[in-house]
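Peer 1: Here is my input, please return the structure:
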Amino acid sequence: MTLLDAKEIDLGKERKRKRRIISAIVLVVMVLCLGWWLRYWPQEHVVGHFFDTLQKQDYETAYGIWMHDPQWKQHPGEHPKYPFSEFYRDWGPGGEWGVIKTQKVYGASSCPGGGTGIVVDVVVNDRAQHAQVWVEKSDKTLSFPPCELVFR
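Peer 2: You can find the predicted model right below:
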């Protein structure tokens, strides 16, 4: 076979092939961007649910979310480091945030230097100072963050 005997190039087939490759690349980039944008969604969802419960003034359910133990009343001695009475003092009507009327998850990020959880920032009652909650990635327990982040 010589150069003069080579097959003709089918331009239609080549265009379809290029379109498929470009479409696949665009799809992969979109999926990666979506994954990056939603990377903290599980932690934001837990904190959003926690603050929704506080807004309804259902402090016992909120404590169950905080401890990731909805059945905490059946074994109240299992959480001696942060008992319900202390939780109620911190998050109840007399706490730092008072009665929560409005709340919105504002953002989430990890602490500098890493860690095993995520800091979720929440705007409470339209205050300039935001509430920040630490969500442990492994078991979705909540606590106060080990670092303070500034969200803009």
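Peer 1: as a whole number, average confidence for the longest helix along the chain?
Peer 2: Of all segments of type helix in the chain, defined using DSSP state H, the longest is helix 11-37. What helix 11-37 shows for mean pLDDT is 93.
Peer 1: now stretch 64-84
Peer 2: Across stretch 64-84, pLDDT averages out at 89.
Peer 1: Give the buried residues for that stretch.
Peer 2: Of all the residues in stretch 64-84, those buried under the rule 16 or more other C-beta atoms under 10 Å are 64-67, 69, 72, 79, 84. Where you see a C-beta, it was placed from the backbone N, CA and C, and this is true even at glycine.
Peer 1: Also stretch 127-146?
Peer 2: In stretch 127-146, counting by 16+ other C-beta under 10 Å, buried: 130-136, 141-142, 145.
Peer 1: Over to stretch 106-124?
Peer 2: 106-108, 110-111, 117-124.
Peer 1: Among the buried residues of stretch 127-146, name the ones in helices.
Peer 2: Using DSSP H, none of these sit in helices.
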